[in-house]
Structures are given as structure tokens and as C-alpha cells.
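Chemist: sequence and predicted structure are below.
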Amino acid sequence: MGDLSQRFTPQQRKGSAVIIGAGMTGILLAIKLREAGLKEITILEKADRVGGTWRENRYPGVACDIPAHMYAYSFAPKADWSNLFARGPEIQRYFESVAETYQVNELCRFNTSAEEARFKRGKWQVRTSQGDTLNADFLFCATGVLHHPAKPDIPGLDQFEGPCWHTAEWRDDVDIRGERIGFIGTGSTAAQAIPELVDAGARLTVFQRTPQWLLPLRDIRIGERAKRFLRRHPRWVTALRDLQTQFVAQFFTKATAGHRFQHALLTAICRLNLFFSIRNPELRRKLTPDYKVGCKRIVVNTTFYRGIQKANAHLETSGIDRVTEKGVFTRDGKFHRLDALVLATGFHPTQYMRPMKLHGRDDLTLEQAWQKKIRAYRSVTLPGFPNFFLMLGPHSPIGNFSVTKMSEVQTGYIMQLVKAWQRGEFDEVEPTNEAVDRFNAYVRDGLKNTAWVGGCQSWYLDADGDPILWPYTWAQWEKEMASPERTDFDFRFSPQTVSS
Ligand code: NAP
């Protein structure tokens, strides 16, 4: 930054920010930006309360298969989680309580979405669904990753006469007891929901396209005595969190990133789990994947195998041919009469902040910038979009790791740039195209060692077969995200900028 620092203004700038989304990442950003002294922070939230994915996903059995203590913010540990793997409603209450404690709600404009954002004369201008425009020095997209439900392209799906819904848009008004429910999908969501629906008395036909590897990490109910102990000894909460983090980092991320020992161990556990959990050889054959463990996201679950073996559950593997008004025809010519259809068919992972319209420098649109391929530098910055930050963007180490921990690392990285701006070291920052190309080549190069090229189709890879996620270990990511490499950025002063 050499010569730029000559422009150092002794009076520290405060600055303003618009954050889009009041989920886990939006709440975190608001807290950290306020700590840094930004004077105006507005969070635009399309819904009527904070919570993001935990507000939206209310399907039966919704839980987090990442241990709860490492899923909480490091600065707001929760001593009294009810379970090792917290249930969705408890996580939602946790984020609501953090938002309340840190007075984040007062920064939120609920029921307001961002329609369009333009970078003009050194400021972001954000047009909201209420018709007004906000001006800010920084724009943050905290819009999450897995929030655009993917509805399957199955012939006749729209002809089905009964209720049909995606797991992310759960219908509480449909009484499933005794009803013939068709359930499409067998991913992480399905593994949590299926046993609950079976236990609730639905007559379930599960349409499986691809079987999954299941890792049986048993949930532990945390009793009152243990909670009291943890409340009294916060250091143990931290120790528990660190232990969980080390376990996941050393085991999961290394197993998928090409470490042989961890992968062999994971494979052995998953295979034994399948062998000992499923007694019927025919059902076991249907549930045996033909790809490497870790190729798709590892499903951490101990209830699915039990649920699918119950008398009111049936696993259908012939493949769906078409849907009609009354049910589903499978490819073997069999007709499955159904009262309702549940889609656990995942999300569009590369939508990010869209459909919002984004115009960067020189009116560059996001659609133009990403026309050929999604490009970002270290997940959080985009060339051509100054003073813009994207949380959990392309190549974040999402998978079997805590997105909260990930977001804290990303926020730490971003805050270093924001604070340099506050010190007057620049007005505008964006990554150079060379840095982005180099980074993307580096990410592509990491793919060959991962389990993701293990013979499956998954949302971890894009249409060109390049990784959407971080292909190296967590430790490497954390190290590389410790601070921004200054030579990878263009820092500019804009003549029109008014110091705020
Ligand atoms: P997913 O992992 O993408 O699984 C979608 C399922 O739907 C797959 O079984 C897929 O089959 C099937 N499917 C999709 N289109 C289909 C079609 N046209 N016909 C038949 N089957 C079809 O979705 P998800 O289970 O909702 O999970 C998405 C992500 O959410 C996870 O990877 C994870 O990151 C996150 N999640 C996390 C947790 C947690 O506890 N932390 C819980 C739930 C979800 P194929 O496998 O053949 O494509």
C-alpha cells in the first residue's frame, strides 16, 4: 500500500453499510461492523424476523449434524444446548437471542428485500422492495448458499392433484398420518425427515435416485446436571467447542481432501454401519452406493436406516418415469398411488445473492461478470465490484464443517479491509483479475486429490466439473484467510468520495 498510506487521514472514518440478509452471517457482520465503529448499518431482511436457514427450514427432524458447541459464535457460546446435534428450533432461538443481546434487531428492516444495488460515485445505492434507496460505503451479501429450493424436472410434476411441497417450504397444514406420502430424495435433509414421517404414521414411499453413505455419529441428549456444570464452567464450553472443531477438521475435512488414513477409516465406519444396520440383503444392496465415501456430502445420521426398515416405509429405486394426477409411475411400469408428494431435492447452490440485480464499477452486471463462470476471490470479493463482500461465496469450505466458524474467519478477513478503509488507506477495493484467475486455478488444482471425484454426481462440482467448494483442508483455509494478501487487490481513491 506504500504510497497510498501518504493519503492517511488522521481522523478515522466511520462509514456505512448495507447488509442483505439477517441470518447467521448477517447477524455476525452487523455485530462486527458495529464493533468497528461503523455509524450506519442497515440490514435488509425479506422475512419478518432473523434466522435465515433455521427460520425457513421447519421440516420434521430438522437439526444440525455439526456439533452444537462449534456451531455457535465463538463470542456468544451457549452452555446449555439440549443435544450434541441441536434441533432446528433451538438453533433458531439461539440466533434470535444473539440478535436481541447485541441489539441487531434494531438495525433490521424486516419484510424488505434488496431489489437492485449499484456502485456509483464511490457508494453503493441499494433499491429496496419498499421503493426507497439506501446509500452506503459497503455492501454485504449475507444471503446464504442453500436457500433457493431446487424442484425436480420430472414430467407431470405440476399435474399432481394432491399437496406437493419442498422440505424448505414445509406444509404444517397437511396431516400426514395414515396418508400415502411420496418422498423424493435421500440427501442430508431426507435422512433427518424420513424417520420422523414414518414415526408420525405416514405410509411412506421413498424414491431414491442415488444411495448415500451414512456416518453414524450418535446424538447425545445433554442432561440438566451437565448443562448446570457447563453454565458454571464456561472454560469447558470452550474446550468442548475446540474438541469438536478439531475432530471435524482432523477427520472429515481431511478425509474428503485426500488424506488416506482418515478416508479409509471413514469408509470402514460407513460400510460397517450399513452392514450392521440393514439386515435384509436386498435392501442393503439398494442402499449401497457405488461411489467413494465423501464424494457426496457425508450424511451424519443414526435414524434413517431404522426408519426405512419400518413396515410403513418402502424404498423405491426403479427411478421415476413420470408423475400423474394421482401418483408416480416408476420406470419398471409400477404405479404408486399417492396422497401427497414431498420434495427433498436440495437447492440451487450457485444462485448466491440472485435474483437481486447487482451493478458494479462501470455498470458491470453480475450476470455479465458471471456469464461464463462464477468468479470470486477467496469467496468474499468479486472483481469489478468494489467495496462489496459476499459471505459463504464460491469456494468456501462448506460441507461437513461449521458454517458459523467459517463465517467468523471470513468476517475477520473482511474486517481487515474495512478497517484499512476507515484509516483512509483507500476508498475502493476489489480483487485484481490476475488474483482471481490464480485463485481459481489453485482451487481447480486441488480437486484431483479430493473424494469428490469419486464417481458420483453432486452439488459440490459445477457444470464444468470444477469445485464449488474449497478442496483443501480446513487448516489450510484458515491459514490462507488469516489476512488479505494486499498485492491481490486494487486499492483506489475516488475523487468524488466524501469522507463520512
Ligand atoms: P441434496 O443433498 O442436494 O439431496 C437432494 C436429493 O434429492 C438427492 O438424493 C438427489 O438424488 C435427489 N434428487 C434431486 N433431484 C431429483 C430428481 N429429479 N429425481 C429423483 N431424485 C432427485 O439436498 P438436501 O438433502 O436438502 O441437502 C442439501 C444441503 O443442505 C446438504 O448438502 C447440506 O449442505 C445442507 N444440509 C445440512 C444439514 C445439516 O444437518 N447440517 C441438514 C440438511 C441439509 P441424487 O443424489 O441422485 O442427485
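Modeler: Done, it's in.
Chemist: who in the stretch 51-200 of the chain is up against the ligand?
Modeler: For the stretch 51-200 of the chain, the residues in contact with the ligand (CB under 6 Å from any ligand atom) are 63-66, 146, 152, 154, 184-190. In short, each C-beta sits where N, CA and C put it, glycine included.
Chemist: what's the lowest-pLDDT member of these?
Modeler: Taking these together, the minimum pLDDT is found at L146 (85).
Chemist: got a list of what it touches?
Modeler: T53, G346, F347, P349 (CB atoms under 8 Å, 6 or more residues apart in numbering).
Chemist: one more time with 10 Å
Modeler: Counting by CB atoms under 10 Å, 6 or more residues apart in numbering, L146 touches 53, 56-57, 168, 189, 346-349, 351, 392, 398, 403, 459.
Chemist: average pLDDT for the longest helix along the chain?
Modeler: When the chain is parsed with DSSP state H, its longest helix is helix 403-422. Averaged across helix 403-422, the pLDDT comes to 97.
Chemist: when you give positions from now on, start the count at 772
Modeler: Sure, I'll start counting at 772 from here, so that last one is helix 1174-1193.
Chemist: what stretches of the stretch 1022-1171 of the chain score poorly on pLDDT?
Modeler: Scanning the stretch 1022-1171 of the chain for pLDDT under 70 picks out nothing.
Chemist: and the residue of it closest to the ligand?
Modeler: Residue nearest to the ligand within the stretch 1022-1171 of the chain: G1117 (2.5 Å; CB to the nearest ligand atom).
Chemist: pretty sure that residue contacts H918?
Modeler: No. G1117 is beyond contact range of H918, at 11.4 Å (criterion: CB atoms under 10 Å).
Chemist: related to what we said a few turns ago, number of residues surrounding the residue of the stretch 1022-1171 of the chain closest to the ligand?
Modeler: Here the number of neighbours of G1117 (other CB atoms under 10 Å) works out to 23.
Chemist: residues of the stretch 1122-1271 of the chain that sit close to the ligand?
Modeler: Within the stretch 1122-1271 of the chain, the positions near the ligand by CB under 6 Å from any ligand atom are Q1228, W1230.
Chemist: can we see that at 5 Å?
Modeler: Within the stretch 1122-1271 of the chain, no position is adjacent to the ligand by CB under 5 Å from any ligand atom.
Chemist: can you name the residue of the stretch 1122-1271 of the chain nearest to the ligand?
Modeler: Nearest residue of the stretch 1122-1271 of the chain to the ligand: W1230, at 5.3 Å (CB to the nearest ligand atom).
Chemist: how about the strands in the stretch 922-1071 of the chain?
Modeler: With DSSP state E, counting those that start in this stretch, the ranges of strands along the stretch 922-1071 of the chain come out as 935-937, 951-955, 974-978, 985-986, 1070-1071.
Chemist: ugh, wrong one, I meant the stretch 1122-1271 of the chain
Modeler: Under DSSP E, counting those that start in this stretch, the stretch 1122-1271 of the chain gives strands at 1128-1130, 1159-1161, 1199-1202, 1260-1263.
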